[in-house]
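Chemist: Sequence plus predicted model, see below.
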Amino acid sequence: MSDAERPPTEFEPAEPNTGEEFEPVDVFPDSTDFDLRPGADSCYKCSTCDTNCPVAEVDDDFPGPKFQGPEQWRLKQNEEDYEVDDSVMDCSNCMRCDNACPSGVPLSQMHNTARGEYVENQMSKLSVEYIRNRILANYRTSAWFASKVPRLANAVMNFGPARWVMEKTMGVTSEREFPAFATETFREWWDRQGAAGGSRERARENRERRGDPVDADKKVAYFHGCYSNYNTPEVGKAMVRVYEHFGYEVVVPEQRCSGTPMFANGMLTDARRHAEVNVSSMADLVEQGYDAIASCTSCSMALRQEYPELFDIDGVEEVAAHTFESVEYLRIHEDLRGAIDETEIDGDLAEEFAYHAPCHARNQGLNRQAVELFGDLDGVDVEDVGDSCSGISGTYGWKAEKYDKSMEIGEEMFEHMEDTDGETGMTECPTCAMQMEHGTGYEIRHPLELLEAAVVE
């Protein structure tokens, strides 16, 4: 019996989010210029988005999502020489406003598009802010170089004087420690395991062991993202082992950054360049019957919503319709609760977890899935620490001028974490994990790691 067929319990929703009803918002159906008026006209100024905006809550000077979205586009329609207000760069791209809006106004798409126009037409390409933002947005490039000499990179990036220089010259806060680069990337490990051929054999063996049809057509394409590749390959390894345990053949196609940090910094040209590679790789596999799986909720959000809303790329709609978050997909297709009902966790994993649902998980209806899934797991207690934003929002909390705001936003989450019994956090988002560790000192794990410990022998 799959999770979708089981009756709801205290910890289980009636129906997991399958993604089948998701339709990207078409905000410029009849226009090829920069006209977002159709979406703006749906706004009736209730200000619900503003009251749910974590940046507006701590920054009195930030005008909020309503102004950044529909009001700004109304002004643009009426003033021929209207320029995008620079406050759009203070939006963290948490996308909570999308969930909050009762009228379905595509607020985050308006913000992304406005940032893109502001950066393209109004921001000086020689300014320190632009250069800093470009470097942060293109983390994959920096991480690729660092992965060649990970030990040296880890030592240099967290050398106190070097961090001080980066803050004074580039505006990258010295308050945070840079995440460590792995000595072996996920893709290096993947190749060492035999890549797709090795996965095919392991999946077949596991189907035989489980008594499943050996020729079952169970196959997924893994979008690991930058962070799981360069910084936390243990998450990618857990994903592969869990899926192979359930008999899935895993492939890891050519891919670039999801574009999430680029959207947040208005680098839409960069984001499109990466999206074209990702969509091309995934679209070919979707045609062959693969579904796209992401272990980072911001990555799944980009492929699922932001790509089809912002880019006209061949195959983008098909990829969006076949993209899932990793645990979500298994909850739809496998009896995860049944698999862990008789399991008792032991070993190195903690017994109590403080779970934070990333904002981009909430936008996909996934904010309770870890608590629901592990609620009855023997030997484990997973406590939801509330619906507050972590505050880091990707690159937002790495900027010196926004560091204090990011920590103020995250204060509620820190307090809730410290009120839990354990000292281990859990989240699907790598940058939320950075903020959780930074604010509490807790070790942070991904739900896939707990799932691996529960079901993989």
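Modeler: Received it, and whenever you're ready, just let me know what you need.

Chemist: downstream neighbour of the helix or strand containing Ser281 in the secondary structure list?
Modeler: Here Ser281 sits within helix 268-287, counting by DSSP states H and E. Moving toward the C-terminus from helix 268-287, the next helix or strand (DSSP H and E) is strand 291-294.

Chemist: mind listing what that next one pairs with, with the direction of each?
Modeler: strand 219-223 (parallel), strand 323-325 (parallel) (DSSP bridges).

Chemist: what helices or strands is the helix holding Ser281 leaning on?
Modeler: Helix 268-287 makes packing contacts with helix 107-121, strand 219-223, helix 260-264, strand 291-294, helix 307-310, helix 316-321 when contacts are defined by 3 or more CB pairs under 8 Å, 6 or more residues apart in numbering; DSSP states H and E. For glycine as for every other residue, the C-beta is placed from the backbone atoms N, C-alpha and C.

Chemist: Only alpha carbons, please: show the first one as CSV.
Modeler: The C-alpha coordinates for helix 107-121 follow below in CSV (Å, rounded to 0.1, in the frame of the first residue of the first chain):
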residue,chain,number,x,y,z
LEU,A,107,4.2,38.2,-6.7
SER,A,108,7.6,36.4,-6.8
GLN,A,109,7.6,36.4,-10.6
MET,A,110,7.0,40.1,-10.6
HIS,A,111,9.9,40.6,-8.1
ASN,A,112,12.2,38.4,-10.1
THR,A,113,11.4,40.2,-13.3
ALA,A,114,11.7,43.6,-11.7
ARG,A,115,15.1,42.7,-10.2
GLY,A,116,16.2,41.5,-13.6
GLU,A,117,15.3,44.8,-15.2
TYR,A,118,16.8,46.8,-12.4
VAL,A,119,20.2,45.0,-12.6
GLU,A,120,20.2,45.0,-16.4
ASN,A,121,19.3,48.7,-16.9
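
Chemist: So what touches that helix?
Modeler: 25, 27, 34, 36, 39-40, 49, 65, 68-70, 72-73, 83-84, 86, 88-89, 91, 93, 95, 97-98, 101, 130, 133, 263-269, 306, 309-310 (CB atoms under 8 Å, 6 or more residues apart in numbering).

Chemist: circling back to that earlier point, identify whichever of the helices and strands packed on helix 268-287 lies nearest to Pro233.
Modeler: strand 219-223 (12.2 Å; CB to CB).

Chemist: Please list the outside residues in contact with the helix or strand following that closest one.
Modeler: Next in sequence after strand 219-223, counting helices and strands by DSSP H and E, comes helix 225-230. With CB under 8 Å, 6+ apart as the test, helix 225-230 has contacts from 139-140, 143-144, 146-147, 179, 181-182, 185-187, 235-236, 239, 257-258, 294-296, 298-299, 430-431.

Chemist: One more: stretch 132-146?
Modeler: 119, 153, 157, 170-172, 181, 226, 229-231, 256-257, 261-262, 264-267, 270, 274, 395, 398-399.

Chemist: Now do the end-to-end distance for it.
Modeler: Stretch 132-146 has its terminal residues 18 Å apart, counting by CA to CA, to the nearest Å.

Chemist: gap between that stretch and the chain center?
Modeler: Taking CA atoms, centre = their mean, to the nearest Å, one finds stretch 132-146 lying 17 Å from the centre of the chain it belongs to.

Chemist: That stretch: which residues count as buried?
Modeler: 132-140, 142-143, 146 (16 or more other CB atoms under 10 Å).

Chemist: Asn206 reaches Glu244, doesn't it?
Modeler: Yes - using CB atoms under 8 Å, Asn206 is in contact with Glu244, at 5.8 Å.

Chemist: quick one: which of the two has more around it?
Modeler: Glu244 (24 against 20; other CB atoms under 10 Å).

Chemist: what about that one, is that helix, strand or coil?
Modeler: Look at Glu244: counting by DSSP: H, G, I helix; E, B strand; the rest coil, its state is helix.

Chemist: pretty sure it contacts Arg204?
Modeler: No - assessed by CB under 8 Å, Glu244 is found out of contact with Arg204, at 9.5 Å.
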